[in-house]
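Visitor: for reference, the sequence and a predicted model appear below.
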Amino acid sequence: GAGVSQSPSNKVTEKGKDVELRCDPISGHTALYWYRQSLGQGLEFLIYFQGNSAPDKSGLPSDRFSAERTGGSVSTLTIQRTQQEDSAVYLCATAPQPNTEAFFGQGTRLTVV
Amino acid sequence: KNEVEQSPQNLTAQEGEFITINCSYSVGISALHWLQQHPGGGIVSLFMLSSGKKKHGRLIATINIQEKHSSLHITASHPRDSAVYICGVGQFYFGTGTSLTVIP
């Protein structure tokens, strides 16, 4: 597709379950970012991938959160043993290179019940 | 203290008014971003700037590196400008956004 694609668009899960969120970047974009946007809060940086370099995981809030990027393309954000405070919109953004304009996906709205 | 502070948090304007949204930051930057998020919609990048001023249509963004301050101006505001405007420093630090409502 032409833009950043995220799936699913909505996810309701029970507390304690694991969830996987997917991001398909724009072809050729080497930089990929994951963010979380909680109700009434700003964008919170989670993790950053650049090419084949080791990811910057400095924003991950706990060891329940992890992410992978396979072949420099598709990325998956995994949240293990979900908690109610994990409920938020998870956004993926990609850019042709670091420090260039980023393009955002529509996000995955995660609700933990 | 947040690394990026925006003001005001909420803004209501009459159609046609000139609007200014401010952003102050405390971290070093490579670039500052202004983003737009419509209700229920995705986020769109409006500007990326590291110095001076940029203009796209009715939108103008300025940055003062020495003062660590940026402004987003909207001239001749229109109801379709109603959205949340977010200031970001690099790709890692963001303000909580300014919710703008433009009334016809």
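Guide: Looks like it came in fine.

Visitor: what's around the closest residue to residue B:94 other than its chain neighbours, how many residues?
Guide: Spatial nearest neighbour of residue B:94, excluding adjacent residues (Cβ to Cβ, 6 or more residues apart in numbering or on different chains): residue A:43 at 4.0 Å. C-beta: built from backbone N, CA, C; applies to glycine. Applying other Cβ atoms under 10 Å in any protein chain shown, we find 27 other residues in the vicinity of residue A:43.

Visitor: residues in contact with residue A:43?
Guide: Residue A:43 sits next to A:35-37, A:91, B:86, B:88, B:94 when contact means Cβ atoms under 8 Å, 6 or more residues apart in numbering or on different chains.

Visitor: which residues in chain B form strands?
Guide: Secondary structure of chain B by DSSP state E: the strands cover B:4-7, B:10-14, B:19-25, B:32-37, B:43-49, B:52-56, B:59-64, B:69-74, B:83-89, B:93-94, B:98-103.

Visitor: now mean neighbour count too, for those strands, in JSON lines please.
Guide: Listed next are the strands of chain B as JSON lines, based on neighbours: other Cβ atoms under 10 Å in any protein chain shown:
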{"stretch": "strand B:4-7", "mean neighbour count": "18"}
{"stretch": "strand B:10-14", "mean neighbour count": "13"}
{"stretch": "strand B:19-25", "mean neighbour count": "20"}
{"stretch": "strand B:32-37", "mean neighbour count": "22"}
{"stretch": "strand B:43-49", "mean neighbour count": "19"}
{"stretch": "strand B:52-56", "mean neighbour count": "12"}
{"stretch": "strand B:59-64", "mean neighbour count": "18"}
{"stretch": "strand B:69-74", "mean neighbour count": "20"}
{"stretch": "strand B:83-89", "mean neighbour count": "23"}
{"stretch": "strand B:93-94", "mean neighbour count": "23"}
{"stretch": "strand B:98-103", "mean neighbour count": "17"}
